[in-house]
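Colleague: turn this into a structure:
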Amino acid sequence: MDCIFEISQKLTEEEALKLPPLSLAFIGDSVQSLYERSLVTIGSSDPTGKLHSLVTEKVKAVSQADKVKGLIETMTETEQDLFRRARNAKIHTSAKHAEIGEYRYASGFEAVIGFLYLTGQTQRLKLFLS
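Modeller: Numbering: from 1, shown residues only. Got it, this is the predicted structure:
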């Protein structure tokens, strides 16, 4: 599954950190979704509705918030700072089935995922997604 983490033109950390935290979260959401969809689809003959349900469980805000709480201590200083910036950013939407705190934690998690993807840190990215 390494190939889904390849980006043709990596950003430097400085370039990536200049992007708005919620833009990084936007990218991170897509990266995690592709990763989870790939995991459940490869080797499966299940109907897409079932696959969708499996993926939704992993990418929903509540699951992301739970996951990131266990990862915060393993984050670098840069990742922790980015997580806090995204978590505290002014969010104009909310999740249907999550508290605002969970949604904010999920946004922070997604921002870190987006940052790792855009900077080509594939090993680190796999650690956060597995």
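Colleague: residues in contact with stretch 10-26: which ones?
Modeller: Outside stretch 10-26, the residues within contact range by CB atoms under 8 Å, 6 or more residues apart in numbering are 78, 82, 85-86, 89, 91, 107-108, 110-112, 114-115, 118-120. The C-beta positions use only the backbone N, C-alpha and C, and glycine is treated the same way.
Colleague: lowest-confidence one in the residues you listed?
Modeller: Least confident entry in the contacts of stretch 10-26, by pLDDT: residue 91, with 75.
Colleague: what's near enough to touch that one?
Modeller: 22, 103-104, 107.
Colleague: what packs against the helix or strand where residue 113 lies?
Modeller: Assessed by DSSP states H and E, residue 113 sits inside helix 100-118. Packing partners of helix 100-118 (3 or more CB pairs under 8 Å, 6 or more residues apart in numbering; DSSP states H and E): helix 13-17, helix 21-41, helix 61-69, helix 77-88, helix 122-129.
Colleague: just send those back as JSON lines, with mean neighbour count too.
Modeller: Formatted as JSON lines, the helices and strands packed on helix 100-118 follow (neighbours: other CB atoms under 10 Å):
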{"stretch": "helix 13-17", "mean neighbour count": "15"}
{"stretch": "helix 21-41", "mean neighbour count": "19"}
{"stretch": "helix 61-69", "mean neighbour count": "18"}
{"stretch": "helix 77-88", "mean neighbour count": "17"}
{"stretch": "helix 122-129", "mean neighbour count": "17"}
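Colleague: low-scoring stretches of the chain, by residue?
Modeller: 1-5, 92-96 (pLDDT under 70).
Colleague: which residue of it lies farthest from its centroid?
Modeller: In the chain, the residue that sits farthest from the middle, by CA atoms, centre = their mean, is residue 45; the gap is 26.3 Å.
Colleague: farthest pair within the contacts of stretch 10-26?
Modeller: Distance extremes for these: the farthest pair is 91 and 120 at 27.3 Å, using CB to CB.
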